[in-house]
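> I would like to see how this sequence folds:
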Amino acid sequence: MQKVLVENNADGTTLITINRPERRNAICAETALMLQKAFQDFERSSTQKAAVLTGARERSVFRRR
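Next up, the predicted model:
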């Protein structure tokens, strides 16, 4: 299972989801590196204009409403 999911949308938004619901989306060293790469890729993009950080599932530190 991927710990970080990235969805680049046609409207110029990037949705970055921490996908560790079993750990309430806590950020470990591996997840931190994956987040860093996701944000670096976002910064390099010429089409993506906004990034949203969220977490998987209902019971999490970060969650989608």
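> And the residue nearest the centre of this protein?
In the chain, the residue lying closest to the centroid (C-alpha atoms, centre = their mean) is residue 16, at 2.2 Å.
> elements contacting the helix or strand in which that one is found?
Assessed by DSSP states H and E, residue 16 sits inside strand 13-18. Where contact means 3 or more C-beta pairs under 8 Å, 6 or more residues apart in numbering; DSSP states H and E, strand 13-18 is packed against strand 4-8, helix 29-44, strand 50-55. (C-beta placed from N, C-alpha, C; glycine too.)
> As a markdown table, the ones you listed with distance to residue 23 would be great.
As requested, the helices and strands packed on strand 13-18 are exported to a markdown table (distance: least, C-beta to C-beta, whole Å):
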| stretch | distance to residue 23 |
| --- | --- |
| strand 4-8 | 13 |
| helix 29-44 | 9 |
| strand 50-55 | 10 |
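> Dump the ones you listed into JSON lines; add mean pLDDT and distance to residue 22 as well.
JSON lines is the format used below for those (pLDDT from 0 to 100; distance: least, C-beta to C-beta, whole Å):
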{"stretch": "strand 4-8", "mean pLDDT": "98", "distance to residue 22": "15"}
{"stretch": "helix 29-44", "mean pLDDT": "98", "distance to residue 22": "12"}
{"stretch": "strand 50-55", "mean pLDDT": "96", "distance to residue 22": "12"}
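> now for the ones you listed, which one comes closest to residue 21?
Evaluated over those, closeness to residue 21 peaks at strand 50-55, with 7.6 Å, by C-beta to C-beta.
> So what are the sheet partners of that closest one and their directions?
Sheet pairing of strand 50-55 (DSSP bridges) gives strand 13-18 (parallel).
> which one in this structure is furthest away from the centre?
Max radial position in the chain (C-alpha atoms, centre = their mean) goes to residue 46, at 18.6 Å.
> now the strand holding residue 16 against strand 4-8, angle please.
Inter-element angle recorded for strand 13-18 and strand 4-8: 170 degrees (by axes from the mean of the first three to the mean of the last three C-alpha atoms, to 10 degrees).
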